[in-house]
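Trainee: Coordinates for the following, if possible.
(2 chains)
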Amino acid sequence: MPRDSGARLACRVRRVRPIIARSFDARGWRGPRRARPGELVSETQDDKSFVEDLTDQSDDFARWYNEVVRKAQLADYAPVRGCMVIRPYGFGLWENMQRLLDARIRATGHQNAYFPVLIPESLLKLEAEHVEGFAPQVAWVTHGGNDKLEERLAIRPTSEAIICRMYSRWIESYRDLPVLLNQWCNVMRWEKVTRLFLRTTEFLWQEGHTAHATAEDCQAEVLRMLDVYRSFAETDLALPVHAGRKSDAEKFAGAEMTYSIEALMRDGKALQAGTSHNLGQHFAKVFDITFQDEQGRRQHVHQTSWGVSTRLIGAVIMAHGDDQGLRLPPRVAPIQAVVVPIWRTPEDRATVRAFLERVKGALTERVRLHVDDREQYTPGWKYNEYELRGVPLRLEVGPKDVAKGTVMSVRRDNRAKESIPLESLAPRVTTLLDEVQAALLESARAFRAENTAFASTLEEIEAHFGERRGFVAAPWDGSPEFEAQVRERTGATMRCVPLDQAPYAGRFRAAHPVALFARAY
RNA sequence: CGGGGCGUGGCUCAGCCUGGUAGAGCACCUGGUUCGGGACCAGGGGGUCGGAGGUUCAAAUCCUCUCGCCCCGACCA
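Mentor: Numbering: from 1, shown residues only, chains lettered A, B, ... in the order given. The predicted model follows:
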């Protein structure tokens, strides 16, 4: 059916996104509502905003998150409830994280190993608190082929049980200690509410499991790995985190003490980005992991476990992303620089293509480069696409650049442009990537500082969360009652007691250590 | 698990109230003109309306059940 001119005209008009009205009440931000049909609203579009069809963070952060994950092709929903498919771009991000963290784990003396995904029920049940904590989240295998199994097998929600079982066989002498193992694997937890990367039924992680002769060595390991996570998050992910101690209410099922790194997302909610547990001798006692010390006495080992997961991808998305889409830290970005060629005429195309070879030659060894020479998309379309996908640096190469022997570079984080001579391209691009990495960390730090408040009393904490989000630092006497009251009255939870108390020295009259409270994912 | 919302070509959605056998934009394919911030023209392909059952001469539309996704809450290393 031929389209009439009226219809064609209508097609050209840019679709106006329904404006989201924000609503507030006494408890703060209560989520958006869409404008009703017919409701008169005006499009207030930032002139600098080029990406269409992406919800603004301030309109609806959760919606922005879902859209950006899927439009940037990080992940998609799988045909299984609560499960996702990590697409190549998202998996590339994970692989880069994995590579960098794995190097740090090895550098601290650990080795990788692999344990089975299936755990016999009897083994899982040995540590009471542990199994109780995980019971509602365990998926069970009950059949092999058509035959019912004599004993159910758990799909690992974590591997303490099966690893402890092996440690009890392997460890005999103090000479066998410490045992420092790590494994990269998948785990499964039957979550009621799932969100891409943040909480899915199956996810990928690394879990370190160590055994030590003394409580001191054990605690040192717990803090060492917590610091590895802190350093990894800040250096490689440009993600500032608070490293601290969890409350009893928030600690790992079966642990003596849990530590975590806590990051702040751009909607003001905190995200636990990694944990390190001191398991004490609980597991050693129930799994009978003993050794003979130098005096010939039989002792139980002291253990740790620690992990970070694909949730870190969610942290990177929500800590750095903006209204245009992702902003990936160069150190882990699957594509560090994208080259967008520009041409008008066949002659231009030939000269630009020839020049591209020199650009590639200069950069291929130094940076993860992608040349997008697809002809069916305009340069402008590509600019938006790669901004959405968070590529740290864009390199435009057109006839004007070729004539001058330069490349036009545009930073993703601040859109700063500069023309770089081909001769200095490699060192300059390397420097720019470092600058973007530093700027993302700096900007995340500034955001966290702006969104950290101080409170001395329950009333002050309550007042803060009545209007705002972010972290609230407050002295805490360590009582579960106080923690529960904060939670009840504000919806915020105690995230951690930071190990580094220096920033709060002299700020409060109370002698108690400062704890951080926040609404959290 | 409770409350609410939504499942219609790949995507975003209209149609459902008032049953009559499916539509738009984007995307995709072909040809051409384009290309420094999401180009344009012409032609074209593709869905049985999440799934199952029911009511009816007739169901995307009404009813029941079910699966999935989103939001809020509860729960949760």
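
Trainee: Where do the helices of the stretch 201-350 of chain A begin and end?
Mentor: A:215-236, A:282-287, A:311-320, A:346-363 (DSSP state H, counting those that start in this stretch).

Trainee: and residue A:441, which of these is closest to it?
Mentor: helix A:215-236 (6.5 Å; CB to CB). All C-beta atoms are positioned from the backbone trio N, CA, C, and that covers glycine.

Trainee: about what we covered before: would you mind finding the most buried of the helices of the stretch 201-350 of chain A?
Mentor: helix A:311-320 (a mean of 25; mean count of other CB atoms under 10 Å).

Trainee: longest helix of chain A?
Mentor: Ranked by number of residues, the top helix in chain A under DSSP state H is helix A:425-450.

Trainee: Could you list the buried residues of that helix?
Mentor: With burial defined by 16 or more other CB atoms under 10 Å, the residues of helix A:425-450 counted as buried are A:425-426, A:429-430, A:432-433, A:435-437, A:439-441, A:443-444, A:447-448.

Trainee: Likewise for stretch A:187-205?
Mentor: Residues of stretch A:187-205 classed as buried: A:187-191, A:194-205 (neighbour count, 16+ other CB under 10 Å).

Trainee: Please apply the same query to stretch A:490-506.
Mentor: Across stretch A:490-506, burial judged by 16+ other CB under 10 Å covers A:490, A:492, A:493, A:494, A:495, A:496, A:497, A:498, A:499, A:504.

Trainee: Mind telling me which residue is nearest the centre of chain A?
Mentor: residue A:312 (1.9 Å; CA atoms, centre = their mean).

Trainee: Isn't that residue up against residue A:272?
Mentor: No: look at residue A:312 against residue A:272 with CB atoms under 8 Å: they stay out of range, at 10.6 Å.

Trainee: could you measure residue A:214 against RNA strand B, distance?
Mentor: Counting by CB to the nearest atom of the strand, to the nearest Å, the gap from residue A:214 to RNA strand B is 25 Å.

Trainee: show me what contacts that residue?
Mentor: residue A:302 (CB atoms under 8 Å, 6 or more residues apart in numbering).

Trainee: pLDDT wise, what is it at?
Mentor: Residue A:214 carries a pLDDT value of 98.

Trainee: Show the backbone phi and psi for it.
Mentor: The phi/psi pair for residue A:214 (degrees, to the nearest 10) reads phi -130, psi 160.

Trainee: re earlier: filter the buried residues of stretch A:187-205 down to the ones close to RNA strand B.
Mentor: A:187, A:189, A:194, A:195, A:196, A:199, A:205 (CB under 7 Å from any atom of the strand).

Trainee: which one of those is nearest residue A:157?
Mentor: Of these, the one sitting nearest to residue A:157 (CB to CB) turns out to be residue A:189, at 4.9 Å.

Trainee: if I read this right, the closest one contacts residue A:156, doesn't it?
Mentor: No: Residue A:189 is not in contact with residue A:156 according to CB under 8 Å; the separation is 9.5 Å.

Trainee: what about the residue lying closest to residue A:370 once chain neighbours are set aside, how many residues close to it?
Mentor: Excluding the flanking residues, the one nearest residue A:370 by CB to CB, 6 or more residues apart in numbering is residue A:335, at 4.5 Å. Neighbour count of residue A:335, defined by other CB atoms under 10 Å: 21.

Trainee: what does residue A:102 give?
Mentor: Neighbours of residue A:102 under the rule other CB under 10 Å: 15.

Trainee: got it, and residue A:288?
Mentor: Using other CB under 10 Å, residue A:288 has 14 neighbouring residues.

Trainee: can you list the buried residues of stretch A:490-506 in JSON lines and add pLDDT, secondary structure and distance to residue A:168?
Mentor: JSON lines is the format used below for the buried residues of stretch A:490-506 (pLDDT from 0 to 100; DSSP: H, G, I helix; E, B strand; the rest coil; distance: CB to CB, whole Å):
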{"residue": "A:490", "pLDDT": "90", "secondary structure": "helix", "distance to residue A:168": "45"}
{"residue": "A:492", "pLDDT": "93", "secondary structure": "coil", "distance to residue A:168": "41"}
{"residue": "A:493", "pLDDT": "94", "secondary structure": "strand", "distance to residue A:168": "36"}
{"residue": "A:494", "pLDDT": "95", "secondary structure": "strand", "distance to residue A:168": "35"}
{"residue": "A:495", "pLDDT": "96", "secondary structure": "strand", "distance to residue A:168": "35"}
{"residue": "A:496", "pLDDT": "96", "secondary structure": "strand", "distance to residue A:168": "32"}
{"residue": "A:497", "pLDDT": "97", "secondary structure": "strand", "distance to residue A:168": "33"}
{"residue": "A:498", "pLDDT": "97", "secondary structure": "strand", "distance to residue A:168": "36"}
{"residue": "A:499", "pLDDT": "97", "secondary structure": "coil", "distance to residue A:168": "32"}
{"residue": "A:504", "pLDDT": "95", "secondary structure": "helix", "distance to residue A:168": "43"}
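
Trainee: got CSV for those residues, with distance to RNA strand B too?
Mentor: Converted to CSV, the buried residues of stretch A:490-506 look like this (distance: CB to the nearest atom of the strand, whole Å):
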residue, distance to RNA strand B
A:490, 10
A:492, 11
A:493, 7
A:494, 12
A:495, 11
A:496, 11
A:497, 15
A:498, 17
A:499, 17
A:504, 24
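
Trainee: and of those, the nearest to residue A:267?
Mentor: residue A:492 (13.8 Å).

Trainee: which residues touch the residue nearest to residue A:171 when sequence neighbours are not counted?
Mentor: Once flanking residues are discounted, residue A:171 sits nearest to residue A:291: 5.3 Å by CB to CB, 6+ apart. Residue A:291 makes contact with A:171, A:172, A:173, A:174, A:176, A:177, A:213, A:298, A:299, A:301 under the criterion CB under 8 Å, 6+ apart.

Trainee: Quick check on those: which are buried?
Mentor: A:171, A:174, A:177, A:213, A:299, A:301.

Trainee: Just confirm the fifth one contacts residue A:213, I think it does.
Mentor: Yes: taking contact to mean CB under 8 Å, the distance of 7.4 Å between residue A:299 and residue A:213 places them in contact.

Trainee: Find residues that contact each of the two.
Mentor: Shared contacts of residue A:299 and residue A:213 (CB under 8 Å, 6+ apart): A:291, A:293.

Trainee: Pull up the residues of the stretch 101-250 of chain A that are close to RNA strand B.
Mentor: For the stretch 101-250 of chain A, the contact set with RNA strand B under CB under 7 Å from any atom of the strand comprises A:133, A:136-137, A:157-158, A:187, A:189, A:192-196, A:199, A:205, A:246, A:250.

Trainee: likewise the stretch 301-450 of chain A?
Mentor: Close to RNA strand B, as judged by CB under 7 Å from any atom of the strand, the stretch 301-450 of chain A has residues A:307, A:309, A:324, A:342-345, A:349, A:375-385, A:387-388, A:396-402, A:408, A:410, A:415.

Trainee: Mark which of those residues are part of helices, please.
Mentor: Under the assignment DSSP H, those contribute A:349, A:379-385, A:387-388, A:399-402 to helices.

Trainee: Pull out the buried members of these.
Mentor: The buried subset of those (16+ other CB under 10 Å) comprises A:349, A:382, A:383, A:384, A:385, A:387, A:388, A:399, A:401, A:402.
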